[in-house]
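A.B. asks: Sharing a sequence plus its predicted fold:
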There are 2 protein chains.
Amino acid sequence: MFMTHLECARCEAVYDCETRAHLCECGGPLLVRYDLNRVRESVRPAEFAGREPSLWRYRELLPLRDPDARVSLGEPMTPLLRLHRAGARVGLSRLYMKDEGLLPTGTFKARGAAVGVSRARELGVEALAMPTNGNAGAAWAAYSAAAGIECVIVMPADAPLIHRKECAVTGSTFYLVDGLISDAGKQVAGGVKRHGWYDASTLKEPYRIEGKKTMGLELAEQFQWQLPDVIVYPTGGGVGLIGIHKVFRELRELGWLDRPFPRMVAVQSSGCAPIVRAWEAGRRESEFWTGARTVAFGITVPKALGDFLVLDALYDTNGCAVETSDEEILQAQRLLARSEGTFICPEGAATLAATRKLSQSGWIKPGERVVLLNTGSGLKYPESVSTSPPVLAAGDSLPA
Amino acid sequence: MFMTHLECARCEAVYDCETRAHLCECGGPLLVRYDLNRVRESVRPAEFAGREPSLWRYRELLPLRDPDARVSLGEPMTPLLRLHRAGARVGLSRLYMKDEGLLPTGTFKARGAAVGVSRARELGVEALAMPTNGNAGAAWAAYSAAAGIECVIVMPADAPLIHRKECAVTGSTFYLVDGLISDAGKQVAGGVKRHGWYDASTLKEPYRIEGKKTMGLELAEQFQWQLPDVIVYPTGGGVGLIGIHKVFRELRELGWLDRPFPRMVAVQSSGCAPIVRAWEAGRRESEFWTGARTVAFGITVPKALGDFLVLDALYDTNGCAVETSDEEILQAQRLLARSEGTFICPEGAATLAATRKLSQSGWIKPGERVVLLNTGSGLKYPESVSTSPPVLAAGDSLPA
């Protein structure tokens, strides 16, 4: 176990990692720091391949004191698919998709929940609470059930129905709010204060990001520690993008990377694009987006606590931010399903829509290695597909 | 590549495996046979661990001429979860669940489709057709899209809605039938005859079973080639159970197993239990079940083509067949979600309901190692969970 302390992402103040910690006194999120010199002496990248095929293989860079005491629903290493046909359609010969829809609960949120809940249990947490657009809440509800931790979830009443079912079946206490995730966030903050719950809101505990960063570790390993040229990421709260950027810095400090970082692309919907606006204006923070609404519900985040870290990652890697319309998103979802067989969530499909634009504009060159990060399974979004198939009587025969 | 020929499971007639083959002239399904002596000389069990963590690591026991030409959506090795709390609830200290819900399309059907479609493409198939209760059709539609093969699907109009969406988004041609899978089967048989489609119906092509048998290979490897005592399997068409039994025989012939086979348990719903009736009567085949209806829609198969192979597996392994009510199934689904965090499909939950009965009756002893085979994710079955959470206004505060 190589975690040494927590550090504020804004003011670099240092905090103990052996007691519960949330935000810094300055309001900034806390990041986990490791003794990377000791990590370097303890493990070489080639060793990971011989371990179990899950995020837990990277235990030296994870924050658990006792990796055997982890809370797990069996997190497989997610596949990196080569998209030949879809790549040809957008003018790219080396297009890939990392498919996070195969994780427990059907989304990448399982990574953050697996590590976050594991660490919460290690710290003695008995009840936690969080606001959510649905997927994160469902994941934390599931892992909390596995951990024997009580879980309180608040989600917008507009969130996809499946998330209610997930929160109900796993026995969490959950509420709908007639509002946005930002409204749910205020309610959770109040509940945390009054009832002493552990605040598991995005970036208000330091360990979720450590789970999310394992996407970057898997990518590094799947590309033989030769990172791709571009990573395209659907951005709501942006924790995954922050986590990937964080771990790439750790890997560079470890001396395990010998190429420049991939350019990171934050994709948002035109119905909620605060990061895109901020990036276009060259700003370090975003402004609250009024009237947010998009088919890609998971990225409906009007103002992310970690916006400055997302923007920092874009500037640091010569990346960019791109918005796409709901229509482009649903078109991209169909294109991927028909050409590659993968039924993915609208948030994930937004990455292909954005990549098409960046390819057309020349920002991405035809031979560059580009990774789309699909954050979840389309199975959670049946309403994103419409169909009215013919109904036959039992004796009818099939047309040609 | 070690496949040598196809052999009828009824009359042992031999068929060429390099041309398209469906049923034997006698009506029996065809099984793939391998030169196991050459397999034994070519690979040792310990070598699999160093290969990619997916079903393709067992290539010597799969029917592809060119494993690199496979059609894949990234099939991770599925986790074997230890169920401590649920085990305690049913009186078992070593209860496990193999969670097939993490495969592409959210069910174990992906295994059969991955191998079946890969082999179909190798054989030059351009269009295939199949009847389905939903999950198999969705999986074959997805893999057919990935392969560039046209796909015709017929499913009962009562099948869960999600399967329509999956078939639509991946571009298959599909129909609903006002009837059961047996009615859909007749329509597909007619279409195959008239239009020359490749018949991908259950056991009417020999390769799906080879994909399904990889559940048995993964189990063997996950138990360090020391098989568990009991495997509990939700049984509709029964291909998975047949496949697992088939590969255990192959492993025994290879000399890789030194314990008796696990006792195999076929679980059905009281609303459709033809295998259970046949087993209770000691028969070799089942009779068509009239008026089939159960919440576990995937196992609503009134008369399975491979029923005699399922029953053979039960008799051969000193197994049994058990039925459970819909109420018991839904109770078991909730119990697993609340105690272990796993939201699984009703078919999978039926295995826990059956295991509770077998534990209570003494058929399973408290210390035996028992594996529940969960065939799919609960995410595909939102209607199996009901909930009506409180709705708050944006300014409301949360109760304790």
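C.D. replies: Cool, the structure landed. Residues are numbered from 1 along each chain as shown, chains lettered A, B, ... in the order given.
A.B. asks: which residue ranges form the helices in the stretch 51-200 of chain A?
C.D. replies: Secondary structure of the stretch 51-200 of chain A, counting by DSSP state H, counting those that start in this stretch: helices at A:84-89, A:109-122, A:135-147, A:161-169, A:181-195.
A.B. asks: Of all the ones you listed, which one comes closest to A:Q333?
C.D. replies: Closest of the helices of the stretch 51-200 of chain A to A:Q333 is helix A:84-89, at 11.2 Å (criterion: C-beta to C-beta). Where you see a C-beta, it was placed from the backbone N, CA and C, and this is true even at glycine.
A.B. asks: In that closest one, which of the residues would be classed as buried?
C.D. replies: By neighbour count with 16 or more other C-beta atoms under 10 Å in any protein chain shown, helix A:84-89 contains the buried residues A:85-87, A:89.
A.B. asks: for those residues, which one is nearest chain B?
C.D. replies: Nearest to chain B among the buried residues of helix A:84-89: A:R85, at 8.0 Å, using C-beta to the nearest C-beta.
A.B. asks: Was I right to think that closest one contacts A:S339?
C.D. replies: Yes: proximity of A:R85 to A:S339 meets the contact threshold set by C-beta atoms under 8 Å, at 3.9 Å.
A.B. asks: Could you measure from the nearest residue to A:R208 once chain neighbours are set aside over to A:F174?
C.D. replies: Residue nearest to A:R208 in three dimensions, not counting chain neighbours: A:G112, with 3.7 Å by C-beta to C-beta, 6 or more residues apart in numbering or on different chains. Distance of A:G112 to A:F174, computed by C-beta to C-beta, to the nearest Å: 18 Å.
A.B. asks: the more surrounded of the two?
C.D. replies: Set side by side, A:G112 and A:F174 show more neighbours around A:G112, with 28 against 23, by other C-beta atoms under 10 Å in any protein chain shown.
A.B. asks: That one touches A:A139, doesn't it?
C.D. replies: Yes: using C-beta under 8 Å, A:G112 is in contact with A:A139, at 7.1 Å.
A.B. asks: I'd like the buried residues of helix A:84-89 laid out as TSV, including distance to B:A220 and pLDDT.
C.D. replies: Supplementary listing: these in TSV, determined by distance: C-beta to C-beta, whole Å; pLDDT from 0 to 100:
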residue	distance to B:A220	pLDDT
A:R85	36	97
A:A86	36	98
A:G87	37	98
A:R89	41	97
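A.B. asks: List, out of those, those positioned next to chain B.
C.D. replies: A:R85 (C-beta under 8 Å from any C-beta of the partner chain).
A.B. asks: out of the buried residues of helix A:84-89, which one sits closest to A:A394?
C.D. replies: A:R85 (37.1 Å).
A.B. asks: so what's that closest one up against?
C.D. replies: A:R85 is in contact with A:339-340, B:148, counting by C-beta atoms under 8 Å, 6 or more residues apart in numbering or on different chains.
A.B. asks: coming back round to it: can you say which of the helices of the stretch 51-200 of chain A is packed in most?
C.D. replies: Mean neighbours per residue, mean count of other C-beta atoms under 10 Å in any protein chain shown, is largest over those for helix A:135-147, with a mean of 30.
A.B. asks: Show me what that one is packed against.
C.D. replies: Here helix A:135-147 touches helix A:109-122, strand A:127-131, strand A:150-156, helix A:161-169, helix B:326-340, going by 3 or more C-beta pairs under 8 Å, 6 or more residues apart in numbering or on different chains; DSSP states H and E.
A.B. asks: okay, those in JSON lines with mean pLDDT and distance to B:T317 next?
C.D. replies: Shown next, in JSON lines, are the helices and strands packed on helix A:135-147 (pLDDT from 0 to 100; distance: least, C-beta to C-beta, whole Å):
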{"stretch": "helix A:109-122", "mean pLDDT": "98", "distance to B:T317": "35"}
{"stretch": "strand A:127-131", "mean pLDDT": "97", "distance to B:T317": "44"}
{"stretch": "strand A:150-156", "mean pLDDT": "97", "distance to B:T317": "41"}
{"stretch": "helix A:161-169", "mean pLDDT": "96", "distance to B:T317": "33"}
{"stretch": "helix B:326-340", "mean pLDDT": "98", "distance to B:T317": "23"}
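A.B. asks: mind checking which of those is nearest B:L36?
C.D. replies: Among those, helix B:326-340 sits nearest to B:L36 (C-beta to C-beta), with 37.5 Å.
A.B. asks: got the CA coordinates for the closest one in PDB?
C.D. replies: C-alpha atoms of helix B:326-340 as PDB (Å, rounded to 0.1, in the frame of the first residue of the first chain):
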ATOM      1  CA  ASP B 326     -42.600 -16.900 -10.100                       C
ATOM      2  CA  GLU B 327     -43.000 -15.500  -6.600                       C
ATOM      3  CA  GLU B 328     -39.900 -17.500  -5.400                       C
ATOM      4  CA  ILE B 329     -38.000 -16.300  -8.400                       C
ATOM      5  CA  LEU B 330     -38.700 -12.600  -7.700                       C
ATOM      6  CA  GLN B 331     -38.000 -13.100  -4.000                       C
ATOM      7  CA  ALA B 332     -34.600 -14.600  -4.800                       C
ATOM      8  CA  GLN B 333     -33.800 -11.800  -7.200                       C
ATOM      9  CA  ARG B 334     -34.400  -9.200  -4.400                       C
ATOM     10  CA  LEU B 335     -32.500 -11.300  -1.900                       C
ATOM     11  CA  LEU B 336     -29.400 -11.400  -4.200                       C
ATOM     12  CA  ALA B 337     -29.600  -7.700  -5.000                       C
ATOM     13  CA  ARG B 338     -29.900  -6.600  -1.400                       C
ATOM     14  CA  SER B 339     -27.400  -9.000   0.200                       C
ATOM     15  CA  GLU B 340     -24.800  -9.100  -2.600                       C
END
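A.B. asks: So which residues lie in contact with that helix, not counting its own?
C.D. replies: Against helix B:326-340 from outside (C-beta under 8 Å, 6+ apart): A:142, A:145-146, A:169-171, B:81, B:83, B:85-86, B:89, B:97, B:269-271, B:294-296, B:324, B:342-346, B:349-353, B:356, B:378, B:384-385.
A.B. asks: Could you pull up phi and psi at A:G171?
C.D. replies: Main-chain dihedrals, A:G171, degrees, to the nearest 10: phi 80, psi 20.
A.B. asks: Contact partners for the closest residue to A:R121 other than its chain neighbours?
C.D. replies: Of all residues not flanking A:R121 in the chain, A:A147 sits nearest, at 4.8 Å (C-beta to C-beta, 6+ apart). A:A147 sits next to A:71, A:117-118, A:120-121, B:341 when contact means C-beta under 8 Å, 6+ apart.
A.B. asks: got those as TSV, with distance to B:S93 columns?
C.D. replies: Formatted as TSV, the contacts of A:A147 follow (distance: C-beta to C-beta, whole Å):
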residue	distance to B:S93
A:V71	20
A:V117	25
A:S118	24
A:A120	27
A:R121	22
B:G341	20
